[in-house]
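K.L.:
With the input below, show me the fold.
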Amino acid sequence: MSLLIAGVLTTASISALNLPEQPVTQSDKLVQQSTQEHLSQIVPTAEITPPEFIQPDEIANPPSVIKSKYKNILKKSREKIQFQSSLNLPESENPQPVIEVAQNPENTKEFSSPQPINSDSDNQMSEITSVSQLEDVQPSDWAFAALQSLVERYGCIAGYPNGTYLGNRTLSRYEFAAGLNACMERINEVIANNKINTVNNEDLVQLQRLEAEFQQELKQLQERLETVQEQTSELQTSQFSTTTRLFGQAIFSVQGTNSTDVDLFPRDGIPERKAETNLTFNNSVQLTLATSFTGRDLLLTGLSAGNLGSTASLVSTNMGRLGFESNTDNNLVISDLSYRFPLSNNLGVVVGTAGVNPVNTFRGISPLEGSGDGAISLFGQRNPILGIGNGTGGIGFDWQISDRISLQGVYSAEIPSFPGNINQAGLFGGRWTAGAQLSLAPTNDIDVGVHYLYSHSPDGLLGTGIGDNQLLSPFADATAFDTQAVGASVAWRINPNLQLGGWGGFSSSQAVNLSGSVETTNWLVFAAFPNLLRPGNLGGVLVGQPPKITSSTLPEGFNFPNFSDGGTAGGRSDTSIHVELFYRAQLNDNIALTPGVFVIFNPDHNAANEPLIVGALRATFRF
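P.N.:
Purely as a prediction, here's the structure:
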C-alpha cells in the first residue's frame, strides 16, 4: 500500500495512530504497526514438573453404570472446554499449542476450530491421526498409550504439522491436562449424539484415571479459562469500537515574553510603543478517532479545543508565535475529517473537508516537527512555504515511485464549504493552493523534500502566519495575487544521536489587477540531538530567517515594506534572525516536558526594534 497513510500519521498532531486489527483482511505494514493489545494466551506453558508416569495395571471391564457416572463428569467440563474451543487466539512470537476437539461436520458450527490469523498453510495447525506423531510425548509413559488410544479412536487432539508442540521439549502436565479436557469434550459429544455404543468402557475408565492423575491441572485450567472469559466479557462491554481507535494529546503550557520597544512605523527609526505579554498558563487538547473499515483505509476525525492564541497584536510581530497554539476559546471544533484509501499498492488518495493541505499530505522531513514534541516556535516546525494558502479541505495523493522516490500532490481550499461569492471562498474560490513534493532518500540516512506550490489569494495575504505574510500596504485597497513558491527541506542522520538539516524557500507573487510582483525568502538550519542525556529525549538548536520581502515592485502606495513612507517600491532593508533552543525530556511513554526559548533579533525585519525573547514550558500528555 502507498505510504500516504504512514506519512499523514507522522505529520499529524497525534502521532503513532494504532489501527484496529481486522478480523479477516490482513493489513499492510502501516496497520501492523498499529496493532491492538491482545488477551493473554489461554494455554500458557505452566511451570509444573512433568508427571511421574506409571504403568497401568490391568483393569477389568467396567459395568455399564460407569458410562452414566462418567457422563455427568464430562457434562461438568463441557462449558469450559466449549469456551476454549470457540475462541480465536491471536498470533504470538512464541505460540503455545492449542489442543482442541476434532470436529464432525454436523457439529462444526457449535465447535468452531480456532485458526491462526496468518493464512499461510505452513503456519496453520493440522489434524493428527496418531499420537505417535507427537514427538514430545514419551512412548514409555502409560499416559502415552492412553492418549494414543483416545486420539486414534476419537481424533480429539490437533497439533502443528511437524508433529511437535514447541520443539523437542517434554509435554508439561498443564498441556496434557488441556489435551485431556479436549478428549473429555469429544467423548461427551459422542455420547450426546446418542452414539453410546461407540464409546468403550475401557476408554471411560482411562478417562477417570487420567482425570484423577491430573485433577489439580484440570482445576487450574478451569480457573484460567474463567479468568480469560471474564476479561473477554469486560473487553467486549468496555471497548470503544471494533473499527475505531481513540488517540489524544493534551498540552499544558506556561509562556511569556520580555518587554521591548517597537518601531511600528520604520521611516524614522523611533520606537512608538511598548511590546509585552503577561505570563500565561494555557491548554490545548486534540482527540483523533482513527477508523479503518478494511485494514488498508483510514478515516481520521480530529477534534480540538484550546485557549492559546497568537500574541502578534501585543508584540507587534508574528515572529514570536508558538508551534502549539490552538485558540478556539476552549470550544470543540473539527480540525480533521479526511479519508485515506489506496488505489494500488503504491498509490494512495486522501480526500476530506478538513485536515487536507500540504502540511498533512506531504511527507515530513524535519525531525523537529510536531506541536507536542517538536520545536516550540511556529517557525521551527517546518518550511513556511508549506503553509501558503492556509488550506483546510480538498484532495491529495501519495505515489511511491520507487524505494527511494515518492511524489505527493494536493489541492486545498481555505473555506471549501462557503456557498457565497466565489471571489471570497468556496472549493475553487477565495484562497486555495495546489502543490507537489518530490520526496527523496538518496541514502538510508538522508531525506530530501523538494516543494512547489501555486496559490491564489483574494486579498494579498499568503496565509503562512509567520514573517512577511502580508504583501500589500495596509493603506492600499485589497487586491488578488497569484503566488508560485519553491523550496527544499533536508535532514541528515549522522548517527543515532545527531541530525543536521534545514530548509529554504522562495516565493514570487504576481498581482492580478496591478503591475509588479512581490518576492520573499526564508531559510533555517538546525541540529537535533536525539536521546540527549536519556533515550527518548530530544534537544534542538535552530537558527534561521523568517519569511522576508526582498523585492516589491507594485505601484507606489501598494508596497508593504515602505508602507509608512508612501508605499514606494523596494524590499526590507533589515533582516530578522531567529535563534532557538529547546530540550524535550521524555518522562515516560505518555508524558514529556519541554522547556525552550527563542530570540528574534531585529523583529519584523527592523533593526530599530529591540530583540524579542519568548520562553515557554510545554507539558505534553499522550493517550
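
K.L.:
surely residue 570 meets residue 556?
P.N.:
No - contact between residue 570 and residue 556 fails when scored by C-beta atoms under 8 Å: they sit 10.7 Å apart. Yep, even glycine has a C-beta here, placed from its N, CA and C like the rest.

K.L.:
Show me which of the two is the more surrounded one.
P.N.:
residue 570 (15 against 12; other C-beta atoms under 10 Å).

K.L.:
Low-confidence ranges, the stretch 51-200 of the chain, go.
P.N.:
Confidence mapping of the stretch 51-200 of the chain against pLDDT under 70 gives the ranges 51-145, 147-148, 151-152, 157-177, 194-198.

K.L.:
In a strand, residue 211, correct?
P.N.:
No - with DSSP: H, G, I helix; E, B strand; the rest coil as the criterion, residue 211 is located in helix rather than a strand.

K.L.:
How many neighbouring residues does it have?
P.N.:
Residue 211 has 18 nearby residues by other C-beta under 10 Å.

K.L.:
residue boundaries of the helices in this structure?
P.N.:
Along the chain, counting by DSSP state H, helices occupy 4-11, 29-33, 65-86, 142-154, 173-192, 201-213, 215-238, 312-315, 358-361.

K.L.:
Strands along the stretch 251-400 of the chain, start to end?
P.N.:
Taking DSSP state E, counting those that start in this stretch as the test, the strands found in the stretch 251-400 of the chain are 260-262, 273-275, 280-291, 298-308, 326-327, 333-344, 347-354, 393-400.

K.L.:
Those into a markdown table, with extra columns for distance to residue 226?
P.N.:
Below are the strands of the stretch 251-400 of the chain laid out as a markdown table (distance: least, C-beta to C-beta, whole Å):
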| stretch | distance to residue 226 |
| --- | --- |
| strand 260-262 | 69 |
| strand 273-275 | 68 |
| strand 280-291 | 33 |
| strand 298-308 | 37 |
| strand 326-327 | 47 |
| strand 333-344 | 42 |
| strand 347-354 | 45 |
| strand 393-400 | 48 |
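
K.L.:
Single out the most deeply packed of those.
P.N.:
Sort the strands of the stretch 251-400 of the chain by mean neighbour count, taking mean count of other C-beta atoms under 10 Å, and strand 393-400 sits at the top with a mean of 22.

K.L.:
Just list what it packs against, helices and strands only.
P.N.:
helix 4-11, strand 347-354, helix 358-361, strand 405-413 (3 or more C-beta pairs under 8 Å, 6 or more residues apart in numbering; DSSP states H and E).

K.L.:
swap the cut-off to 10 Å and go again
P.N.:
Under the contact definition 3 or more C-beta pairs under 10 Å, 6 or more residues apart in numbering; DSSP states H and E, strand 393-400 sits against helix 4-11, strand 333-344, strand 347-354, helix 358-361, strand 405-413, strand 432-443.

K.L.:
how far off strand 432-443 does it point, in degrees?
P.N.:
Per axes from the mean of the first three to the mean of the last three C-alpha atoms, to 10 degrees, the angle that strand 393-400 makes with strand 432-443 is 20 degrees.

K.L.:
Which residue, other than its chain neighbours, is closest to residue 553?
P.N.:
Distance criterion C-beta to C-beta, 6 or more residues apart in numbering; nearest residue to residue 553, sequence neighbours excluded, is residue 516 at 3.9 Å.

K.L.:
Could you count how many residues lie near the one you found?
P.N.:
15.

K.L.:
That one against residue 554, yeah?
P.N.:
Yes - using C-beta atoms under 10 Å, residue 516 is in contact with residue 554, at 4.1 Å.

K.L.:
Need the residues touching each of these two.
P.N.:
Taking C-beta atoms under 10 Å, 6 or more residues apart in numbering as the criterion, residue 516 and residue 554 both touch 509, 569.

K.L.:
what touches both of residue 570 and residue 556?
P.N.:
Common neighbours of residue 570 and residue 556 are listed as residue 562 (criterion: C-beta under 10 Å, 6+ apart).

K.L.:
Against residue 223, how distant is residue 186?
P.N.:
22 Å (C-beta to C-beta, to the nearest Å).

K.L.:
Who has more neighbours out of those two?
P.N.:
The neighbour count for residue 186 versus residue 223, taken as other C-beta under 10 Å, is higher for residue 186 (26 against 11).

K.L.:
ok, and the closest non-adjacent residue to that one?
P.N.:
Excluding the flanking residues, the one nearest residue 186 by C-beta to C-beta, 6+ apart is residue 156, at 3.8 Å.

K.L.:
so how far is residue 379 from that neighbour?
P.N.:
Plainly put, residue 156 is 69 Å away from residue 379 if you go by C-beta to C-beta.

K.L.:
go on, residue 146?
P.N.:
From residue 146 across to residue 379, the span is 77 Å (C-beta to C-beta).

K.L.:
Who has more neighbours out of the two?
P.N.:
Just comparing residue 146 and residue 379: by other C-beta under 10 Å the higher neighbour count belongs to residue 379, 30 against 23.

K.L.:
got a list of what that one touches?
P.N.:
Residues in contact with residue 379 (C-beta under 10 Å, 6+ apart) are 318-323, 464-467, 522, 524, 542, 544-547, 576, 578, 580, 598, 600.

K.L.:
before we move on, the earlier item: what sits against the residue nearest to residue 553?
P.N.:
Residues in contact with residue 516 (C-beta under 10 Å, 6+ apart) are 509-510, 551-555, 558-559, 569.

K.L.:
Can you flag the buried ones in the residues you listed?
P.N.:
509, 551-554, 558-559 (16 or more other C-beta atoms under 10 Å).

K.L.:
Just those residues: which are in strands?
P.N.:
Among the buried ones among the contacts of residue 516, the members falling in strands (DSSP state E) are 509, 551-552.
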